[in-house]
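1. coordinates only, sequence not included:
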């Protein structure tokens, strides 16, 4: 193994080249020095210099590579000694005014180099798992999956990508999957000059996929010189399952889940269920089932069966892994839908303690407070969600709505402007994202741009006229524009299509223009 590492680091090649050059220099010196009447001691000095230089050259060959005309540290490989990530024993960190911002990275979707195009989900899943792992590190800013995946399938100038996202580095890679073999390449690019900070290729068996992900994450940490707490180090090393087939189904489920449609949520639930049939201890897959059921209940199918399955699956996830933040979020969301708000808030508080960088914790905790009318706390949590994911457009828009309910006009306007700015950036990369369009339309109307806001609303409605979330938010737009009858028409359709969040409707200030209308009151009375 040691000799393999010497070969990989090109130590033998450097030694041979150095010896050859040294021999040539000595021969030239031996031929020319007498003719030039150079003192004899000078020849001895040349020999000493060449001998001293040999171990230095070999040491540099071991430690560094030359890539793109730049000297970079050679990454270590599994099975060879490698330095541990820098470790900080005290996890408490205080922000210092004027201090240098933390290092930042965007993990782009990995390119599918396999013969089978169906392996796309596996490549996406590997990139997403890296994002999730790196997000757990407090002193590292990681661009969210939704933003990073906006660049999927596009011709990229990596330096331009980095500048658009205001990040220091870009990680790109590719995956070739064939039978039980896996080839993964990854490289970390410095945005400022386009040079490599780190790069590596892994030729392994499929079962080594977890080790590959771990090694890539650790290499990024070392390349960016991030200080890790012991808790963060353990989080990076944690493997959610050791069964590759179960992991494969989990990745398929995540791909469907992000499509955010009724059918895709049902497919996602099936994939997560298949994962736990293979590995009954897969806590993340149980949390995935719970989230699918909660989303189906909220927006598409408000049945007690969905509510019950969401709670049972999230409890199983907690039983298997009490330290899994995603499981606490899943359970908190599930019990909040049963109006057990105290229990939900305890779950969210626990999740924040476990992983304060998990956007979903702050976001769903804020929504839970909002439906209870706890607007001050909801505002604080939406602010925290925005800090965790500063490129997000959802949290700022809901924050503006919350400040409106609190009567804080200046803060409301600032939040809506943030939300609109982020929605515009998101739509520049994802022009067909209907959620960004309808939430952006609310922000436009709130900011006095009613004509443009209603144009955006019409565009969203034309894209997906049967989706209950689209219908609900168009109702909000019409309400803000005092088009009351049209607003109630859309709201009735949304509820009929599965919108089940009565408490949200009761606290949504966007619908204030409808409150005294008999049709609105009748609709609320019919809801559970």
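-> Nice, thanks for sending it over. This is a predicted model, so every value here is computed, not measured.
2. all helices of the stretch 301-450 of the chain, in order?
-> Secondary structure of the stretch 301-450 of the chain (DSSP state H, counting those that start in this stretch): helices at 304-320, 325-337, 341-354, 359-371, 375-388, 394-406, 409-429, 434-446, 450-463.
3. winner for burial among those?
-> Mean neighbour count (mean count of other Cβ atoms under 10 Å) peaks for helix 325-337 among those, with a mean of 27. For glycine as for every other residue, the C-beta is placed from the backbone atoms N, C-alpha and C.
4. which other helices and strands contact it?
-> Judged by 3 or more Cβ pairs under 8 Å, 6 or more residues apart in numbering; DSSP states H and E, helix 325-337 is in contact with helix 283-299, helix 304-320, helix 341-354, helix 359-371.
5. got JSON lines for these, with distance to residue 125 and mean pLDDT too?
-> Shown next, in JSON lines, are the helices and strands packed on helix 325-337 (distance: least, Cβ to Cβ, whole Å; pLDDT from 0 to 100):
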{"stretch": "helix 283-299", "distance to residue 125": "12", "mean pLDDT": "95"}
{"stretch": "helix 304-320", "distance to residue 125": "19", "mean pLDDT": "96"}
{"stretch": "helix 341-354", "distance to residue 125": "22", "mean pLDDT": "96"}
{"stretch": "helix 359-371", "distance to residue 125": "18", "mean pLDDT": "94"}
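6. Please convert those helices to TSV, extending it with distance to residue 492.
-> Output for the helices and strands packed on helix 325-337, formatted as TSV (distance: least, Cβ to Cβ, whole Å):
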stretch	distance to residue 492
helix 283-299	15
helix 304-320	22
helix 341-354	27
helix 359-371	20
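7. on that earlier part again, how about the helices of the stretch 301-450 of the chain, which one is nearest residue 108?
-> Taking Cβ to Cβ, helix 409-429 is the member of the helices of the stretch 301-450 of the chain nearest to residue 108, at 12.1 Å.
8. now that closest one and helix 450-463, what's the angle there?
-> Angle between the axes of helix 409-429 and helix 450-463 is 50 degrees (criterion: axes from the mean of the first three to the mean of the last three Cα atoms, to 10 degrees).
9. ok, then the element right after the helix or strand of the chain with the lowest mean pLDDT?
-> Sorting the helices and strands of the chain by mean pLDDT, DSSP states H and E puts strand 70-73 at the bottom, at a mean of 45. As assigned by DSSP states H and E, the chain's next helix or strand after strand 70-73 is strand 104-107.
10. What's the mean pLDDT across that next one?
-> Mean pLDDT, strand 104-107: 91.
11. got a list of contacts for it?
-> Contacts to strand 104-107, defined as Cβ atoms under 8 Å, 6 or more residues apart in numbering, come from residues 127, 130-131, 134, 140-143, 147-148, 161-162, 165-171, 188, 220, 224.
12. buried subset of those?
-> 127, 130-131, 134, 140-143, 147-148, 161-162, 165, 167-171, 188, 220, 224 (16 or more other Cβ atoms under 10 Å).
13. For residue 454, list the residues it contacts.
-> Here residue 454 is in contact with 441, 445, 477, 481 (Cβ under 8 Å, 6+ apart).
14. Go through the residues you listed and name the one nearest residue 393.
-> The closest of those, once distances to residue 393 are taken by Cβ to Cβ, is residue 441, at 11.7 Å.
15. In space, what's closest to the closest one - neighbours in sequence excluded?
-> residue 456 (3.6 Å; Cβ to Cβ, 6 or more residues apart in numbering).
16. tell me the contacts of the one you found?
-> By Cβ under 8 Å, 6+ apart, the residues touching residue 456 are 437, 438, 440, 441, 444.
17. contacting residues for the first one?
-> In other words, residue 437. 423, 427, 456, 459, 460, 463.
18. Swap in 6 Å and give it another go.
-> Neighbouring residues of residue 437 by Cβ atoms under 6 Å, 6 or more residues apart in numbering: 456, 459, 460.
19. what does the model give it for pLDDT?
-> pLDDT at residue 437 comes out at 95.
20. how close does the closest residue to residue 430 other than its chain neighbours get to residue 390?
-> Distances taken as Cβ to Cβ, 6+ apart put residue 150 closest to residue 430, at 5.2 Å, once the chain neighbours are dropped. Distance, residue 150 to residue 390, using Cβ to Cβ, to the nearest Å: 15 Å.
21. For the two, indicate the residue with more neighbours.
-> Neighbours per residue, other Cβ atoms under 10 Å: of residue 150 and residue 390, the larger number sits with residue 150, 23 against 16.
22. ok so, going back, looking at the contacts of strand 104-107, which are in strands?
-> Counted as lying in strands by DSSP state E, out of the contacts of strand 104-107, are 141, 142, 169, 170, 171, 188.
23. Please tell me how far residue 458 sits from residue 500.
-> Using Cβ to Cβ, residue 458 is found at 26 Å from residue 500.
24. again with residue 272
-> According to Cβ to Cβ, residue 272 stands 22 Å off from residue 500.
25. can you list the weak-confidence ranges in this protein?
-> Where the chain drops to pLDDT under 70, the residues are 1-24, 26-43, 45-47, 49-50, 52-54, 57-100, 528.
26. repeat that for 50
-> 1, 3-4, 8, 66-73, 75-97 (pLDDT under 50).
27. How about the secondary structure of the closest residue in space to residue 178 that isn't next to it in sequence?
-> Leaving aside its sequence neighbours, residue 178 sits nearest to residue 114 (Cβ to Cβ, 6+ apart; 6.5 Å). Three-state assignment for residue 114 (DSSP: H, G, I helix; E, B strand; the rest coil): coil.
28. Distance-wise, check residue 114 relative to residue 120.
-> 9 Å.
29. swap in residue 258?
-> On the measure of Cβ to Cβ, residue 258 and residue 120 end up 13 Å apart.
30. Name the residue in the two with the higher neighbour count.
-> Taking other Cβ under 10 Å, residue 258 and residue 120 do not tie; residue 120 has more neighbours (18 against 14).
31. what residues are up against that one?
-> residue 112.
32. Over to residue 400?
-> Residue 400 touches 412, 415, 416, counting by Cβ under 6 Å, 6+ apart.
33. List just the nearest of the residues you listed to residue 250.
-> For those, the nearest to residue 250 is residue 415 (35.4 Å; Cβ to Cβ).
34. Hmm, residue 396 and that closest one touching each other?
-> Yes. The pair residue 415 / residue 396 is scored as a contact, 5.0 Å apart, by Cβ atoms under 6 Å.
35. what about residue 270, which helix or strand?
-> Residue 270 is part of helix 262-278 when elements are defined by DSSP H and E.
36. List the contacts of that helix.
-> With contact meaning Cβ under 6 Å, 6+ apart, helix 262-278 is reached by 243, 245-246, 249-250, 252-253, 256-257, 282, 285, 288-289, 292, 295-296, 300.
37. what comes up buried for that helix?
-> Under the neighbour-count criterion of 16+ other Cβ under 10 Å, helix 262-278 has 262, 264-265, 267-276, 278 buried.
38. is it possible to export these to JSON lines including distance to residue 334?
-> Formatted as JSON lines, the buried residues of helix 262-278 follow (distance: Cβ to Cβ, whole Å):
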{"residue": "262", "distance to residue 334": "18"}
{"residue": "264", "distance to residue 334": "20"}
{"residue": "265", "distance to residue 334": "15"}
{"residue": "267", "distance to residue 334": "20"}
{"residue": "268", "distance to residue 334": "16"}
{"residue": "269", "distance to residue 334": "14"}
{"residue": "270", "distance to residue 334": "19"}
{"residue": "271", "distance to residue 334": "19"}
{"residue": "272", "distance to residue 334": "15"}
{"residue": "273", "distance to residue 334": "16"}
{"residue": "274", "distance to residue 334": "21"}
{"residue": "275", "distance to residue 334": "19"}
{"residue": "276", "distance to residue 334": "17"}
{"residue": "278", "distance to residue 334": "24"}
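39. Domain-wise, how is this structure divided?
-> By the record's domain assignment, the chain is partitioned as 2-73, 104-237, 432-528 (automatic domain parsing).
40. Need these in TSV (columns: distance to residue 374).
-> Formatted as TSV, the domains of the chain follow (distance: least, Cβ to Cβ, whole Å):
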stretch	distance to residue 374
domain 2-73	50
domain 104-237	26
domain 432-528	10
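41. Nice, that's everything, thank you.
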